[in-house]
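Peer 1: this one's structure only:
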C-alpha cells in the first residue's frame, strides 16, 4: 500500500513540474509581440508638396458691351466654336437708326433754308416773314406769362416740379422760335450775307459730325469675336438690357491649357520656376509632365475648407504636352517635387518622436531595442536616415502604442 502511494506522489509531482514549466513558457510566449519587420535599404526619398490645381485656358476673351441697349440677337450658345471676326451678338439698333434719320432730315432742311435764303426777296416773302415774327412774339409773351404764373404756383406748393419744368421748356422753345423768326425776317429784308452762309454751313457740318459719330456707334451694335475658340459662358439673353461695360460672353482657345493652384505662404521659398512638377489625375491614375511657368509675387489671404484663414501664393503651371480630354475648371493634383534623392531610408510609419528626437525599434536577438536616429528629408513615404542606422538593419515597419523596449518578438 505504501509503495502504491509513493508512485502516485511521484507522478503527481512530475505532473506539477511539467505544468509549471509549460505555464512558464506559455506565459513567456504570451508576452511576445508579433511585428512586421523592415530591412533598412538605400532608395529614393521624395519630398512633395501637393495642391489642388484647376484648369483654365491660356488665351481667353471677356467680351463686354461698348453700348447700352437691348440685346436683339445672340447667335451662339455655350460650347459653340467661333472664328475670329464672327458676329456673335447684336443690339437693337432701331433707335440709333432713327437718330441718324433725324439728322439727315435736319441736314436737308438746312440745305433748303440756305438755298431759299440765297434767293432774291419779294414783297410776299417779306410780308409773310413779318407775320411769322408777330406770331412768334405773341407765343413767346404768352409762354412767359404762363411760366411766371406757374413759378408762383410752384413756390406756394400748388404745382408739381414736372409741370413747372414743362412750362419752362415751352417758354425757352418759344424764345428760340422768336429769335429764328427775327433772323429769317432780317435775312429776307436785307438779303443773305457771307457770314450767314458760313453759319449755315457750320450748322450743316456739325450735323454731319453727329451723324458720323452715330454711324460709328452703329458698328458697336454688332459684337464680333476677337479670337477663334469656344464659347465658355453666356451672360445675356435676347431681350435683356445691357449696360455699357457689362460682360456679355466669354470665349477661350481650348488648344492651350494651364493650371492654377495656390500654395501656402510657408512653402513659397521652396518653389521656383525651376522646381520639378507633375500633374496627377487621381480618378484615372495618370501622371503628366509639367513646368512652373509663373510664381506670383503676392500673398493673399483665404479661408480653407475647414474655416482656417491662410495666406496663399498663386502659381501657374503649364503641361509639357497638350492636355486632351480635359475641360476648363476641372481639377488635377499638382505635385511639386522639392527633393528627390537616393539615401538610406526607412518608412515614415516606422519612426516615432520623443522629446523632439526621432527613434525606431530595431530587433536584436528577437528583442525590441529603441534606437535614436538622425533624419534628413521627410518624404511622402520615407525618411532619409543620416545616422543611427545602416542598410540591412532590421526594424519594426509600423509603430503602434503597444510596443515597448525589451519586448520579445515572436
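Peer 2: Sure thing, it's come through. Because the structure is a prediction, the values reported are computed rather than measured. Numbering: from 1, shown residues only.
Peer 1: so what's residue 231 bridging to?
Peer 2: Residues in a beta bridge with residue 231, per DSSP bridges, are residue 251.
Peer 1: In contact with it, which residues?
Peer 2: Applying CB atoms under 8 Å, 6 or more residues apart in numbering to residue 231 gives the contacts 76-82, 88, 249-251. Every residue, glycine included, has its C-beta placed from N, CA and C.
Peer 1: redo that, cut-off 7 Å
Peer 2: 76-80, 82, 249, 251 (CB atoms under 7 Å, 6 or more residues apart in numbering).
Peer 1: From residue 276, how far off is it?
Peer 2: Going from residue 231 to residue 276 by CB to CB, to the nearest Å gives 36 Å.
Peer 1: Can you give the domain ranges for this protein?
Peer 2: For the chain, the structural domains run 33-58+259-410, 59-92+222-250, 94-219, going by automatic domain parsing.
Peer 1: In a markdown table: the ones you listed, plus mean pLDDT.
Peer 2: Converted to a markdown table, the domains of the chain look like this (pLDDT from 0 to 100):
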| stretch | mean pLDDT |
| --- | --- |
| domain 33-58+259-410 | 92 |
| domain 59-92+222-250 | 95 |
| domain 94-219 | 85 |
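Peer 1: For the closest residue to residue 404 other than its chain neighbours, name its beta-bridge partners.
Peer 2: Leaving aside its chain neighbours, residue 404 sits nearest to residue 368 (7.1 Å; criterion: CB to CB, 6 or more residues apart in numbering). In this entry, residue 368 is beta-bridged to residue 363, by DSSP bridges.
Peer 1: now swap in the one 5 residues further on and tell me
Peer 2: Counting by DSSP bridges, residue 373 is bridged to residue 358.
Peer 1: So it sits against residue 357, correct?
Peer 2: No. Between residue 373 and residue 357 there is no contact under CB atoms under 7 Å: 8.5 Å.
Peer 1: the more surrounded of these two?
Peer 2: residue 373 (21 against 11; other CB atoms under 10 Å).
Peer 1: Mind naming the longest strand for this structure?
Peer 2: Across the chain, the longest stretch assigned as strand under DSSP state E is strand 41-64.
Peer 1: Give me the helices and strands touching that strand, please.
Peer 2: Under the contact definition 3 or more CB pairs under 7 Å, 6 or more residues apart in numbering; DSSP states H and E, strand 41-64 sits against strand 247-264, strand 331-347, strand 367-378.
Peer 1: what would those look like in a markdown table with distance to residue 163?
Peer 2: Below are the helices and strands packed on strand 41-64 laid out as a markdown table (distance: least, CB to CB, whole Å):
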| stretch | distance to residue 163 |
| --- | --- |
| strand 247-264 | 41 |
| strand 331-347 | 63 |
| strand 367-378 | 83 |
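Peer 1: of all these, which lies closest to residue 284?
Peer 2: Among the helices and strands packed on strand 41-64, the nearest to residue 284 by CB to CB is strand 331-347 (10.1 Å).
Peer 1: What residues sit buried inside the closest one?
Peer 2: 332-336, 338-339, 343-347 (16 or more other CB atoms under 10 Å).
Peer 1: Sheet partners, orientation included, of that strand?
Peer 2: strand 41-64 (antiparallel), strand 276-281 (antiparallel), strand 382-387 (antiparallel).
Peer 1: Partner strands of the helix or strand following that strand, with direction?
Peer 2: Next along the chain after strand 331-347, taking DSSP states H and E as the criterion, comes strand 352-354. Strands that pair with strand 352-354, judged by DSSP bridges, come out as strand 357-364 (antiparallel).
Peer 1: The longest strand of the chain vs strand 247-264, what angle?
Peer 2: Orientation check (axes from the mean of the first three to the mean of the last three CA atoms, to 10 degrees): strand 41-64 against strand 247-264 gives 160 degrees.
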